[in-house]
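Participant: Sequence plus the predicted model coming up.
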Amino acid sequence: MQIHFTGTKPIFEEIVDQIKLYIEMGILKPQEKLPSVRELALSLTINPNTVMRAFLALTDMGYLVTLPKKGIYVAEEKSWRKEKVELPSYVEKALTDLLASGISIDQIETAIEKLKKEKKQ
């Protein structure tokens, strides 16, 4: 699992957004174990409290479940589906095709941010 920081939001929000996206796109599957808070913090070179805050937010949203002494896992889809905004099938297909062609999630997010800025002008 890769998390990339854009610097446009607080780090914990970027972690939340990217993990949610991975789950909603099916990259992270239900019952899949996530790295521990310490492991993810070390790999991202950030404070473990930041990772913990993101994991707690995702747990509150129903995306993750914590099993004592076992770890943090992706929740079953039914627990977070109510939170999910349904995308039209053609948008999901376009995103899937972009990812399959090698375009990264960061590149897609950058393009979306650019479009948002253009729309505001």
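Facilitator: It's in. Everything quoted here is computed from the prediction, not taken from an experiment. Residues are numbered from 1 along each chain as shown.

Participant: contacts and neighbour counts: CA atoms only from here.
Facilitator: Fine.

Participant: Report the central residue of this structure.
Facilitator: Central residue of the chain (C-alpha atoms, centre = their mean): residue 19, 1.8 Å from the mean position.

Participant: Doesn't that one belong to a strand?
Facilitator: No - counting by DSSP: H, G, I helix; E, B strand; the rest coil, residue 19 is not part of a strand but helix.

Participant: Retrieve the pLDDT associated with it.
Facilitator: Residue 19 carries a pLDDT value of 94.

Participant: do the same with residue 43
Facilitator: 93.

Participant: again, but for the one 5 residues further on
Facilitator: Reading off the per-residue confidence, residue 48 sits at a pLDDT of 95.

Participant: show me the contacts for the closest residue to it other than its chain neighbours.
Facilitator: Among residues not flanking residue 48 along the chain, residue 41 sits closest, at 5.0 Å (C-alpha to C-alpha, 6 or more residues apart in numbering). By C-alpha atoms under 8 Å, 6 or more residues apart in numbering, the contact set of residue 41 is 47, 48, 50, 51.

Participant: rerun at 10 Å
Facilitator: For residue 41, the contacting residues are 35, 47, 48, 49, 50, 51, 52, by C-alpha atoms under 10 Å, 6 or more residues apart in numbering.

Participant: Reformat those as CSV; add secondary structure and neighbour count.
Facilitator: Converted to CSV, these look like this (DSSP: H, G, I helix; E, B strand; the rest coil; neighbours: other C-alpha atoms under 10 Å):
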residue, secondary structure, neighbour count
35, coil, 14
47, coil, 13
48, helix, 17
49, helix, 13
50, helix, 17
51, helix, 23
52, helix, 17
